[in-house]
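In: below: sequence and its predicted model.
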Amino acid sequence: MRCGFCGYEFEENEGNVGCKNCPMSSGCKMVKCPRCNYENPPEPALVKTLKKVFSKKKTTK
């Protein structure tokens, strides 16, 4: 995923999930950028699938 603030690209599992002080922390799905700590919404499943499909095509060439 790409951070909406600084543009850093990272895997969703690299980011910090959940907020300690957030009132919605039990249902919060925001992912914090490991570089700038900006909260980003998680990538939709369709985007993840498309990235996998196109990355496989690039590696097979």
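Out: Received it, and whenever you're ready, just let me know what you need. Numbers count the residues shown, from 1 in each chain.

In: run a quick neighbour tally on the residue lying closest to residue 14 once chain neighbours are set aside.
Out: The spatial neighbour of residue 14 that comes closest, neighbours along the chain excluded (CB to CB, 6 or more residues apart in numbering), is residue 34 at 5.3 Å. Yep, even glycine has a C-beta here, placed from its N, CA and C like the rest. Residue 34: 13 surrounding residues under other CB atoms under 10 Å.

In: how near is residue 34 to residue 16?
Out: Separation of residue 34 from residue 16 (CB to CB, to the nearest Å) stands at 7 Å.

In: where does the chain dip in pLDDT?
Out: Residues of the chain meeting the criterion pLDDT under 70: 17-27, 57-61.

In: which parts of it are helices?
Out: For the chain, applying DSSP state H gives helices covering 45-60.

In: strands of the protein, residue ranges please.
Out: 16-17, 31-32, 39-40 (DSSP state E).

In: of those strands, flag the one that's most buried.
Out: Of all the strands of the chain, strand 31-32 carries the top mean neighbour count, a mean of 20, counting by mean count of other CB atoms under 10 Å.
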